[in-house]
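1. Provided below are the primary sequence and the corresponding predicted coordinates.
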Amino acid sequence: MKIRNLVHLITLVVPALFLSQWKANAAGPANVSAGTVSLKGTVKFQGSVPASKPINMSADPSCAKQHSSPAMSQEIVADAKGDLQNVVVFVSEGLGNRTFDPPSQPAVIEQKGCMYAPHVLAVRANQQLEVVNSDPTLHNIHPLPANNREWNKAEGPNTTSEETFSREEIAIPIKCNVHPWMRSYVAVFNHPYFAVTGKDGSFELGTLPPGTYTIKAWHEKLGTATQQVTIGANETKRVDFVFKAM
């Protein structure tokens, strides 16, 4: 009797298991990705590039002697092809209510040769920012935000300080009260979809979820340009920006 009951149970259960597995396979994998997209492009300057001006560092001889030739202003930096540096390109709309944890690695801005390097930096909200004084002279770092806490820190030679910005803001001017020619900008974002153009004027915003996005490009002197782009699953698209002399 017991053997007969066991055979009957197997007869019922095994087909049910096969049916369940067939349904799962027919439905496809449980965690199928909707696909990711890559967004890249370039930023150009149209017209005659204004000549950079030499910076007078005579007020602090320790600054001037670190340069074999005069340091030049960095307000508009572009090559002969018009490739424009120091442009912040970012997603301004389209991410909805997605949230992102700040990275564990710090961002770094350096005071070297009595200049800020990089001239334009982009960071995440609440990401640690390390300010490094690599010079043999006193500096201070003084951000002038509109949407974040203002702070002003003196830094002796070869020292490092740490701070954060808690809210999104594009972009915060940074100055040194000791050396008035020193100026930089820090853009702060709540998400990771941003880039700062380098020497070739190019940028890439990484892997975005499919969707429709507003993309902005910000430059300290040339203003802001805006484009909208719709990108599908597993698609790569280009967005190119052109700035003209104002």
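-> Nice, I can see it.
2. helix or strand for residue 62, just tell me which one.
-> Residue 62 is part of helix 61-64 when elements are defined by DSSP states H and E.
3. revised request: answer the last question for residue 116.
-> Using DSSP H and E, residue 116 falls within strand 115-117.
4. could you do residue 172 as well?
-> Here residue 172 sits within strand 169-175, counting by DSSP H and E.
5. can you point out the buried residues in that strand?
-> For strand 169-175, burial by neighbour count (16 or more other Cβ atoms under 10 Å) applies to 169, 170, 171, 172, 174, 175. The C-beta positions use only the backbone N, C-alpha and C, and glycine is treated the same way.
6. what stretches of the protein score poorly on pLDDT?
-> 1-37 (pLDDT under 70).
7. which stretches in it count as helices?
-> Per DSSP state H, the chain carries helices over the ranges 2-27, 61-64.
8. still on that earlier bit, quick one: list the elements packing against the strand holding residue 116.
-> strand 107-112 (3 or more Cβ pairs under 8 Å, 6 or more residues apart in numbering; DSSP states H and E).
9. can you point out the buried residues in the strand it packs on?
-> The neighbour-count check on strand 107-112 (16+ other Cβ under 10 Å) flags 107, 109, 110, 111 as buried.
10. and the helix holding residue 62, how far out from the chain's middle?
-> Offset of helix 61-64 from its chain centre (Cα atoms, centre = their mean, to the nearest Å): 32 Å.
11. sorry, back to before: can you tell me which of the buried residues of strand 169-175 is closest to residue 73?
-> Nearest to residue 73 among these, counting by Cβ to Cβ, is residue 175 at 14.3 Å.
12. kindly state the beta-bridge partners for the closest one.
-> residue 142, residue 183 (DSSP bridges).
13. that one: what's it in contact with?
-> Residue 175 makes contacts with 142, 144, 182, 183, as judged by Cβ atoms under 8 Å, 6 or more residues apart in numbering.
14. again, only this time at 10 Å
-> Residues in contact with residue 175 (Cβ atoms under 10 Å, 6 or more residues apart in numbering) are 116, 140, 141, 142, 143, 144, 152, 181, 182, 183, 184.
15. format these as JSON lines; extra columns: distance to residue 195 and neighbour count.
-> Listed next are the contacts of residue 175 as JSON lines, based on distance: Cβ to Cβ, whole Å; neighbours: other Cβ atoms under 10 Å:
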{"residue": "116", "distance to residue 195": "19", "neighbour count": "24"}
{"residue": "140", "distance to residue 195": "29", "neighbour count": "19"}
{"residue": "141", "distance to residue 195": "23", "neighbour count": "23"}
{"residue": "142", "distance to residue 195": "26", "neighbour count": "17"}
{"residue": "143", "distance to residue 195": "21", "neighbour count": "22"}
{"residue": "144", "distance to residue 195": "24", "neighbour count": "11"}
{"residue": "152", "distance to residue 195": "29", "neighbour count": "11"}
{"residue": "181", "distance to residue 195": "27", "neighbour count": "16"}
{"residue": "182", "distance to residue 195": "24", "neighbour count": "22"}
{"residue": "183", "distance to residue 195": "21", "neighbour count": "17"}
{"residue": "184", "distance to residue 195": "17", "neighbour count": "25"}
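16. for these, which one is nearest residue 68?
-> residue 181 (17.9 Å).
17. can you count the residues close to residue 121?
-> By other Cβ atoms under 10 Å, 23 other residues sit near residue 121.
18. just list whatever residues bridge to it.
-> According to DSSP bridges, beta-bridge pairing links residue 121 with residue 186.
19. nothing else from me, thank you.
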